[in-house]
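[1] A predicted structure for the sequence below; I have some questions about it.
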Amino acid sequence: MAVTRYQQADILALLEIPIVDILSHLGFPDKHRGDMYYSPFRQESTPSFHINRRCNIWYDHGAAVGGGVLDLVRLLLKCSVREAFDYLSSIRGLIPEPIAYNLKKEDKEPMITIIKVNPQVQNETLISYAHSRAIWRDILDKYCKEVIFEIKGMSNRTFHAIGFPNCEGGYVLRSTRQKKCTCNAPTWIDSRDNISMTRTADKLYIFEGFMDFLSWKTLDEFSFDNYDCCVLNSVNNLGKIIPKITEYKIVKTFLDNDEAGLKAFSQLAQALEMTDVSISEMTGLYDYYKDLNEMLVATRLFGKTL
């Protein structure tokens, strides 16, 4: 079922409404001990309703149920997904029209001038860096380039970095000393390994950063599974990809095992509730690690991979 009334950027904005504000608007008293609140679902003498304000998610220990903004509103108002969004829109004052997706300050990179782009990484320091991240050389050459660039204000100096292209003609730049991008945009890679936003499969795999994408390709090199990929390159690009991912039947996410990754998945899952897309998170593959690349590096060091 396609989203017809609310634009995807509006949906993300609605899902950002703080849970504590929703409870207050519905008339529940703001009684809590730290992050533990009295449950809005029943009378209780000891608070058992946990709210993670940073991720904007909740968990009711007494009922063993939890979720995000949409889940809470649907349970409290006993309403449909559409009615829940209507309620959220009414308290936020949003009109369901397209809105600009503003980048946060940290997305504004220093002005970078690209001097040269080598089709393959040749710099030995960069090759060693990729090796330290447990990325096979053939995977590196297949998806990345070597970018030589200057940074405004640092005259007479050139820098070398592994460059991962995005869909706006820019690059995410990584080296042992550099973590930059020429423009902030996601990267779409189709099942034929082309940088393209054209859907070529029913499955979509979403990665937070390109090192995680390269890690998966290293692990999955001999797989015959057919899927497209999207690399966010920043969780702030979440709103940019939602209209596109509604074209897929199955979406799997490989996000970081931290609060930002948890929040990103929660927002994706809630935004897709109004569609027929099946979404699942794959963090169980790297439960004890921050991200997929950290798991790959650790297991390589123990001689389990590569």
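    Noted; the coordinates are in hand.

[2] Buried residues, the helix or strand where Ser266 lies. List them.
    Secondary structure from DSSP states H and E places Ser266 in helix 259-271. Neighbour counts over helix 259-271 (16 or more other CB atoms under 10 Å) mark Gly261, Leu262, Lys263, Ala264, Phe265, Ser266, Gln267, Leu268, Ala269, Gln270, Ala271 as buried. In this view, the C-beta of every residue, glycine as well, is placed from N, C-alpha and C.

[3] What helices and strands are in contact with the helix or strand that that helix is followed by?
    For helix 259-271, the succeeding helix or strand toward the C-terminus, using DSSP H and E, is strand 278-281. Applying 3 or more CB pairs under 8 Å, 6 or more residues apart in numbering; DSSP states H and E, one finds that strand 278-281 makes contact with strand 250-254, helix 259-271.

[4] ok, strand 278-281: who's next to it in the sheet?
    strand 250-254 (parallel) (DSSP bridges).

[5] tell me the mean pLDDT over the strand it pairs with?
    If you average the pLDDT over strand 250-254, you get 96.

[6] Residues in contact with that strand: which ones?
    Identification of contacts with strand 250-254 by CB atoms under 8 Å, 6 or more residues apart in numbering yields 202-208, 212-213, 216, 245, 264-265, 268, 272, 277-283, 285, 291-292.

[7] Just the buried subset of those, written out for PyMOL, thanks.
    Selection command for PyMOL covering only the buried members of these, criterion 16+ other CB under 10 Å:
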select buried, resi 203+204+205+206+207+208+212+213+216+245+264+265+268+272+277+279+281+282+283+291+292
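
[8] hey, which helix or strand in the protein has the poorest pLDDT?
    For the chain, the helix or strand with the lowest mean confidence is helix 8-15, at a mean of 73 (criterion: mean pLDDT, DSSP states H and E).

[9] Would you mind writing the CA trace of whichever helix or strand comes after that one as PDB?
    Scanning forward in sequence from helix 8-15, with DSSP H and E defining helices and strands, the next element found is helix 19-25. Included here for helix 19-25 are C-alpha records, laid out as PDB according to Å, rounded to 0.1, in the frame of the first residue of the first chain:
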ATOM      1  CA  ILE A  19       7.200  10.500  23.600                       C
ATOM      2  CA  VAL A  20       7.100  12.500  26.800                       C
ATOM      3  CA  ASP A  21       5.200  15.300  24.900                       C
ATOM      4  CA  ILE A  22       2.700  12.900  23.500                       C
ATOM      5  CA  LEU A  23       2.000  11.500  26.900                       C
ATOM      6  CA  SER A  24       1.600  15.000  28.300                       C
ATOM      7  CA  HIS A  25      -0.800  16.000  25.500                       C
END
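
[10] what's the distance between helix 19-25 and the middle of its chain?
    Helix 19-25 has its average C-alpha position 26 Å from the chain's average C-alpha position, going by CA atoms, centre = their mean, to the nearest Å.

[11] Residue ranges in this structure under the pLDDT threshold?
    Under the criterion pLDDT under 70, the flagged ranges of the chain are 1-9, 93-110, 222, 301-306.
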